[in-house]
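with the sequence up front, the predicted model follows.
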Amino acid sequence: MIKRKTYLKQLSDFKDKNLIKVITGIRRSGKSILLKQFYDYLRASGIAEDQIVMINFESLHYEKIKDYLALYDYISKLIVPNKTTYILLDEIQEVANWEKALASFQVDFRCDIYITGSNAYMLSSELATYISGRYVELHILPLSFREYLSGVKTDKDLAFNHYLEYGGLPGLLELNSREDLFRHYMEGVYNTIVVKDIIGRSNIKETDLLESILLYMTDNIGNLISANNIANYLTSSGRKTYASTVSEYLNSLEKAFVLYKVKRYNIKGKRLLSSPYKYYLADVGFRNIALGRREMDIGRVLENIVFLELKRRGYDLKIGVESNYEVDLVASRGTEKGYYQVCLSITDDDVRKRELRSLQMIKDNYPKFLLTMDFHLNEEIGGIKLKNIRDFLLED
């Protein structure tokens, strides 16, 4: 089991703060594992077992806890008087009106609450007003390459090839690098997300349209996309639809944490730009499952992986626009800022000039990086640092 050190540190920092800790992320990204690791952390720090209530609502053991009243009744009997009770609730969205119970726990008991959920609807419903202003969200992503590599027994090259094709869901580590099992596992996760977290929790009436849109998105990661583009493409392909419907379905994919939308940013004017946007997958393994095993556009897959890594490191990300040039990612974190261009290789002179030019157009003094699969040995060109993507992903 890979210890999710960064996320554990975040949880421990918020321990005993009067806020509900909400752990969100795509299904099978490791939320349940993280909650179990936090349980172990609590026990190791001296918290008695009877002070911890841990429930996974996907277990039939808790099948009778279907609404907030049943949840309140069950947990209220387990509260330890005059001590803090740590309440850890996994997949809380399975309980109707769960917010009411949590709000009451905060009022009635001395407790510290941690919950997980696999979609953003749990925090966007009207009932979420019950905990409004009283929670902090910690968003979890699948394994980084560094985490993935630490959990497999293959060499670095093969591990990276698997990571490119199948992504970083923690469950893959149990399959001993067997690609036949990888595909079956990823297909199961993919179908569960589509059926349970998207169709089952949003107003999706045309499941075939949702699948068409998802297929289009996985084939166009890292490209500029608008709802109009997608609607026109599907209509011309014989599937009549409208931009408003596409926008609704894209929103559902975002709320299930399948996709992340990234806005464009005018670097010189320091302002956000309207549509089109770029979208990235929460896990690149879904691209292989959706499109079938075929020749990958590795450059865009690498860009997706770099996006996830920067997001994992706590950066706010935008697409940079400078004159007629585009920078793949503008990364901001507090007072820090950096510009990242991602490319498979710059051994071709024309490609090299093009990729460098986008960064050279930026006249401020923030760090600029060109990440490729070439080995640059810490080369720097005009203030632009060239890095190997794999080395970048393995940085501490």
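Cool, got the structure. Numbering: from 1, shown residues only.

would you mind measuring the gap between the ends of stretch 90-107?
21 Å (C-alpha to C-alpha, to the nearest Å).

and for stretch 26-37?
Using C-alpha to C-alpha, the two ends of stretch 26-37 sit 18 Å apart.

how about it: buried residues?
26, 27, 28, 29, 30, 31, 32, 33, 34, 35, 36, 37 (16 or more other C-beta atoms under 10 Å). Yep, even glycine has a C-beta here, placed from its N, CA and C like the rest.

may I see the buried residues of the longest strand anywhere in the chain?
Longest strand in the chain, counting residues (DSSP state E): strand 271-281. Residues of strand 271-281 classed as buried by neighbour count (16+ other C-beta under 10 Å): 276, 277, 278, 279, 280, 281.

same check, this time on stretch 204-215
Of the residues in stretch 204-215, 209, 210, 212, 213, 214 count as buried by neighbour count, 16+ other C-beta under 10 Å.

same check on stretch 183-196?
Using 16+ other C-beta under 10 Å as the test for burial, stretch 183-196 gives 183, 185, 186, 189, 190, 193, 194.

turn those residues into CSV, including secondary structure.
Compiled in CSV, those are given as follows (DSSP: H, G, I helix; E, B strand; the rest coil):
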residue, secondary structure
183, helix
185, helix
186, helix
189, helix
190, helix
193, helix
194, helix
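
and the residues you listed as TSV, adding pLDDT and distance to residue 385?
Output for these, formatted as TSV (pLDDT from 0 to 100; distance: C-beta to C-beta, whole Å):
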residue	pLDDT	distance to residue 385
183	86	37
185	91	37
186	91	34
189	90	36
190	87	36
193	86	37
194	84	40
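
just send those residues back as JSON lines, with distance to residue 160 too.
Putting those into JSON lines (distance: C-beta to C-beta, whole Å) gives the following:
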{"residue": "183", "distance to residue 160": "18"}
{"residue": "185", "distance to residue 160": "19"}
{"residue": "186", "distance to residue 160": "17"}
{"residue": "189", "distance to residue 160": "21"}
{"residue": "190", "distance to residue 160": "22"}
{"residue": "193", "distance to residue 160": "25"}
{"residue": "194", "distance to residue 160": "28"}
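
can you list contacts of stretch 202-221?
For stretch 202-221, the external contacting residues (C-beta atoms under 8 Å, 6 or more residues apart in numbering) are 121, 194, 198-199, 225, 230, 233-234, 239, 241, 245-246, 248-250, 252-253, 255, 258-259, 279-281, 284, 286-287, 290-291, 300-301, 303-304.

can you say which of the residues you listed are buried?
Among the contacts of stretch 202-221, the ones that count as buried (16+ other C-beta under 10 Å) are 121, 194, 198-199, 225, 230, 233-234, 241, 245-246, 249-250, 252-253, 255, 258-259, 279-281, 284, 286-287, 290, 300-301, 303-304.

rewinding a little: sheet-wise, list the partners of the longest strand of the chain with their directions.
Sheet pairing of strand 271-281 (DSSP bridges) gives strand 224-225 (antiparallel), strand 259-266 (antiparallel).

figure out which of the ones you listed is closest to residue 95.
Nearest to residue 95 among those is strand 259-266 (26.3 Å), distances taken as C-beta to C-beta.

can you lay out the buried residues of stretch 204-215 as CSV showing distance to residue 365?
Output for these, formatted as CSV (distance: C-beta to C-beta, whole Å):
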residue, distance to residue 365
209, 47
210, 45
212, 45
213, 41
214, 41
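
what about stretch 330-345, start to end distance?
20 Å.

I misspoke; the intended subject was stretch 17-30.
Chord length of stretch 17-30, first to last residue, is 23 Å (C-alpha to C-alpha).

what of stretch 61-78?
Distance between the two ends of stretch 61-78: 16 Å, counting by C-alpha to C-alpha.

can you give the contact residues for that stretch?
Stretch 61-78 has contacts (C-beta under 8 Å, 6+ apart) with 50, 53, 55-57, 85, 87, 95-101, 104-105, 108-109.

please redo it, this time with the cut-off set to 7 Å
Outside stretch 61-78, the residues that touch it by C-beta atoms under 7 Å, 6 or more residues apart in numbering are 53, 55, 87, 95, 96, 97, 98, 100, 101, 104, 105.

where in the stretch 251-396 of the chain is pLDDT low?
Scanning the stretch 251-396 of the chain for pLDDT under 70 picks out the ranges 293-296.

measure residue 113 to residue 347 for me?
Distance check for residue 113 against residue 347: by C-beta to C-beta, to the nearest Å, it reads 54 Å.

which of the two has more residues huddled nearby?
Taking other C-beta atoms under 10 Å, residue 113 and residue 347 do not tie; residue 113 has more neighbours (25 against 10).

my read is the more buried one is in a strand, agree?
Yes. Counting by three-state DSSP, residue 113 is part of a strand.

roughly how far does it sit from residue 394?
From residue 113 to residue 394 the distance is 36 Å (C-beta to C-beta).

also residue 215?
Taking C-beta to C-beta, one finds residue 215 at 32 Å from residue 394.

just residue 306 next, same as before
For residue 306 relative to residue 394 (C-beta to C-beta), the value is 13 Å.

who has more neighbours, the two?
Shown here are residue 306 and residue 394; by other C-beta under 10 Å, residue 306 has more neighbours (24 against 14).

residues contacting the more buried one?
Per C-beta under 7 Å, 6+ apart, neighbours of residue 306: 329, 340, 342, 371, 389.

at 8 Å instead, please
Counting by C-beta under 8 Å, 6+ apart, residue 306 has contacts 328, 329, 340, 342, 371, 389, 392, 393.

what's the first helix or strand after the strand or helix carrying it?
Element membership for residue 306, per DSSP states H and E: helix 298-312. Using DSSP H and E, the helix or strand that follows helix 298-312 in sequence is strand 316-322.

flag every buried residue along that next one.
The neighbour-count check on strand 316-322 (16+ other C-beta under 10 Å) flags 317, 318, 319, 320, 321, 322 as buried.

and the nearest residue to residue 103 once chain neighbours are set aside, how far is that from residue 29?
Among residues not flanking residue 103 along the chain, residue 130 sits closest, at 4.2 Å (C-beta to C-beta, 6 or more residues apart in numbering). From residue 130 over to residue 29 the distance is 26 Å, taken as C-beta to C-beta.
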